[in-house]
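K.L.:
I would like to see how this sequence folds:
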Amino acid sequence: AGGAVTVSEASARDMSMTSVHKDVAAFLAQCAESGASNAALIEGLAEKTNELVSKLQLLAGQEEGGRIGLGSLKRQLPNHALAHFLFGAALAEGLAATEAEE
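P.N.:
Modelled structure (predicted):
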């Protein structure tokens with residue numbers, strides 16, 4: 001059953017789906033359409049998560065101190081919603097730099 005989410009115009013930019021979100025959503029839709037098992041769904045999501053963490057590790061490894069900051073992500077990415085999402089993921093993985101470290 002499809003649904004709709006309404007977001008105010010002022011918040012639309014902050015709520016936009018990034019390429020990462022769209023990729024995961026497409027994977028979930030594919031699993032739903034094909035009737036994939038829960039195990040296959042979990043395995044696929046784990047793989048996508050590992051890919052994301054690997055990319056974050058690569059980005060962090062290119063930074064002084066081995067941590068990636070929000071400012072650095074914003075400079076590298078034209079999509080600030082993606083920069084914020086990746087910074088949140090970097091925080092969760094212990095790869096994020098504080099403002100003082102940037």
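K.L.:
tally of neighbours for A26?
P.N.:
Neighbour count of A26, defined by other CB atoms under 10 Å: 10. Using the backbone N, CA and C atoms, a C-beta is placed for each residue, glycine as well.
K.L.:
do the same with A96
P.N.:
20.
K.L.:
correct me, but it touches A90?
P.N.:
Yes. Taking contacts as CB atoms under 8 Å, A96 lies within contact range of A90: 4.1 Å.
K.L.:
now list whatever residues contact both of the two.
P.N.:
R67, I68 (CB atoms under 8 Å, 6 or more residues apart in numbering).
K.L.:
quick check: closest non-adjacent residue to L73.
P.N.:
A83 (3.9 Å; CB to CB, 6 or more residues apart in numbering).
K.L.:
doesn't L77 make contact with the one you found?
P.N.:
Yes. Using CB under 8 Å, A83 is in contact with L77, at 4.7 Å.
K.L.:
the residue nearest to L73 in helix, strand or coil?
P.N.:
helix (DSSP: H, G, I helix; E, B strand; the rest coil).
K.L.:
how close does it get to I68?
P.N.:
10 Å (CB to CB, to the nearest Å).
K.L.:
okay, these two: which has more neighbours?
P.N.:
Comparing A83 with I68 by other CB under 10 Å, the one with more neighbours is I68, at 29 against 20.
K.L.:
what about the more buried one, distance to H84?
P.N.:
12 Å.
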